[in-house]
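Asker: quick one, what's the 3D model for this:
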Amino acid sequence: SRPCAERVADRALECAARRAAAFAPARCVVVHGDPHPGNALRATAPRHGAETGFVFVDPDGFLDEPAYDLGVALRGWCAELTAGDAAGRARGFCARLAARTGVDAAAIWEWGFLERVTTGLYLLDHGAEGSARPYLETAELLAGAAPPGSG
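Answerer: Numbering: from 1, shown residues only. Model prediction:
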């Protein structure tokens, strides 16, 4: 059996090719690598670097474009996306992040889609089908949708 629809895999490969083509070392930053809510902890006291009151822990730091971490942060939200208008909600999430960070919304979308698919496949490979399915199901909902700013 196939872990996901062929159009999901094809879309992920297209997104990966675009992100690879857009890679420019001069624009790279050190990214966290896995900025999900479980890796955000409340700071015990105000300090530089924790102006929001939270800090990221357990980094997998590497150099990449700023859109990478923003896309990872969007890989979840499965319940919100399956509640209706998945593409509209995902575009809204990307638009809000783009407006607050100055990062291209389409790049955020592509990283979010890639992370959604790869996380689903990773979880399947490790026997966690129940945890994997929401990622792959929402990737299916988004596979045919245009990213923000493309239409």
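Asker: list the contacts of Val30.
Answerer: By C-beta atoms under 8 Å, 6 or more residues apart in numbering, the contact set of Val30 is 61-63. For glycine as for every other residue, the C-beta is placed from the backbone atoms N, C-alpha and C.
Asker: tabulate those in CSV, adding columns for secondary structure, neighbour count and pLDDT.
Answerer: Output for the contacts of Val30, formatted as CSV (DSSP: H, G, I helix; E, B strand; the rest coil; neighbours: other C-beta atoms under 10 Å; pLDDT from 0 to 100):
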residue, secondary structure, neighbour count, pLDDT
Gly61, coil, 11, 88
Phe62, strand, 11, 90
Leu63, strand, 12, 93
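Asker: count the residues that sit near His36.
Answerer: Applying other C-beta atoms under 10 Å, we find 15 residues neighbouring His36.
Asker: quick one: the closest residue to it other than its chain neighbours from Asp64, how far?
Answerer: Of all residues not flanking His36 in the chain, Gly76 sits nearest, at 6.5 Å (C-beta to C-beta, 6 or more residues apart in numbering). Distance, Gly76 to Asp64, by C-beta to C-beta, to the nearest Å: 19 Å.
Asker: repeat that for Thr118.
Answerer: Thr118 is 14 Å from Asp64, by C-beta to C-beta.
Asker: could you do Pro35 as well?
Answerer: Pro35 is 12 Å from Asp64, by C-beta to C-beta.
Asker: looking at Thr118 and Asp64, which has the bigger crowd around it?
Answerer: A count of neighbours by other C-beta under 10 Å puts Asp64 above the other of Thr118 and Asp64, at 18 against 15.
Asker: so Leu136 touches Thr118, yeah?
Answerer: No. Look at Leu136 against Thr118 with C-beta atoms under 8 Å: they stay out of range, at 10.4 Å.
Asker: mutual contacts of the two, please.
Answerer: With C-beta under 8 Å, 6+ apart, Leu136 and Thr118 have no common neighbours.
Asker: not counting the helix or strand of the chain with the lowest mean pLDDT itself, show me its contacts.
Answerer: Within the chain, no helix or strand scores below strand 54-56, which has a mean of 83 by mean pLDDT, DSSP states H and E. Applying C-beta under 8 Å, 6+ apart, the contact partners of strand 54-56 are 32, 35, 39-43, 49.
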